[in-house]
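Student: Dropping the sequence and predicted coords here.
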Amino acid sequence: MEENKATNPRPEKKGPNINEFSNEKNNSLTKTIDSLSAELEEVKKNLQKRKSENTTLKILFYTGLLVLLVGFLYSNSVLQRAHMRSLEKNIISLEQRLSHDINQVKMSLELDIQGAKKEVKLIDGADIFTVLERMDYAISQLRPKEEQTTVLVNQVRLNADEFSRLLKNRTGSLKSKAKHSKKEG
């Protein structure tokens, strides 16, 4: 064994060089690990900071959305109420206008009825219907000899009958309208 010791030089001389080199390497690796660890810690802090910022932004976003929704619903209900009030005012205004128009038509109708009554009354309190009946009777008593005269007499009788019927319809409808408007009033 001693020969082995003699033939093999001691590694003591190389040892300090290797130790120094490995110490430097260890120190370098330790520094690198420390700097990576510090960077990792910094990245971790930044991630947590960003995570909390994202959470805060989400809270703000959803809060803003909620505020907008509530504002929209509130303004919608306010606008709807204003629209309903406007419609009610318009309906009341139309009812008043319609009532006014109906009253004017009613007054005009009453004036027309009074005028029609005055028109129908003729001489000695006899109305137009009595006069038409007398005229019809007088014409029926005629016995014309010529055919042309007979045609003219018949035409006059037809026109008188038609006039009488129209007049009765008009005064009858005016009377029924007057009775109807009195019942409503």
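Tutor: Now that the structure is in, tell me what you want to look at. Numbering: from 1, shown residues only.

Student: Low-confidence stretches in this protein?
Tutor: Within the chain, the segments meeting pLDDT under 70 span 1-18, 116-127, 173-185.

Student: just the helices in it please.
Tutor: Taking DSSP state H as the test, the helices found in the chain are 2-7, 14-120, 128-140, 147-184.

Student: Now tabulate the ones you listed in a markdown table and tack on mean neighbour count.
Tutor: For glycine as for every other residue, the C-beta is placed from the backbone atoms N, C-alpha and C. Shown next, in a markdown table, are the helices of the chain (neighbours: other Cβ atoms under 10 Å):
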| stretch | mean neighbour count |
| --- | --- |
| helix 2-7 | 7 |
| helix 14-120 | 11 |
| helix 128-140 | 13 |
| helix 147-184 | 12 |
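
Student: Tell me the gap between stretch 88-96 and the middle of its chain.
Tutor: 18 Å (Cα atoms, centre = their mean, to the nearest Å).

Student: again with stretch 27-45
Tutor: The answer for stretch 27-45 is 67 Å, by Cα atoms, centre = their mean.

Student: Extract the CA atoms of it and return them as PDB.
Tutor: In PDB, the C-alpha atoms belonging to stretch 27-45 read as follows (Å, rounded to 0.1, in the frame of the first residue of the first chain):
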ATOM      1  CA  ASN A  27     -21.600  30.400  -4.600                       C
ATOM      2  CA  SER A  28     -22.500  31.300  -8.200                       C
ATOM      3  CA  LEU A  29     -25.300  28.800  -8.100                       C
ATOM      4  CA  THR A  30     -26.400  30.000  -4.700                       C
ATOM      5  CA  LYS A  31     -26.500  33.500  -6.000                       C
ATOM      6  CA  THR A  32     -28.400  32.400  -9.100                       C
ATOM      7  CA  ILE A  33     -30.900  30.400  -7.000                       C
ATOM      8  CA  ASP A  34     -31.200  33.400  -4.600                       C
ATOM      9  CA  SER A  35     -31.800  35.800  -7.400                       C
ATOM     10  CA  LEU A  36     -34.300  33.400  -9.100                       C
ATOM     11  CA  SER A  37     -36.000  32.900  -5.700                       C
ATOM     12  CA  ALA A  38     -36.200  36.700  -5.300                       C
ATOM     13  CA  GLU A  39     -37.600  37.100  -8.800                       C
ATOM     14  CA  LEU A  40     -40.000  34.200  -8.200                       C
ATOM     15  CA  GLU A  41     -41.200  35.900  -5.000                       C
ATOM     16  CA  GLU A  42     -41.500  39.200  -6.900                       C
ATOM     17  CA  VAL A  43     -43.500  37.400  -9.700                       C
ATOM     18  CA  LYS A  44     -45.600  35.800  -7.000                       C
ATOM     19  CA  LYS A  45     -46.300  39.200  -5.400                       C
END
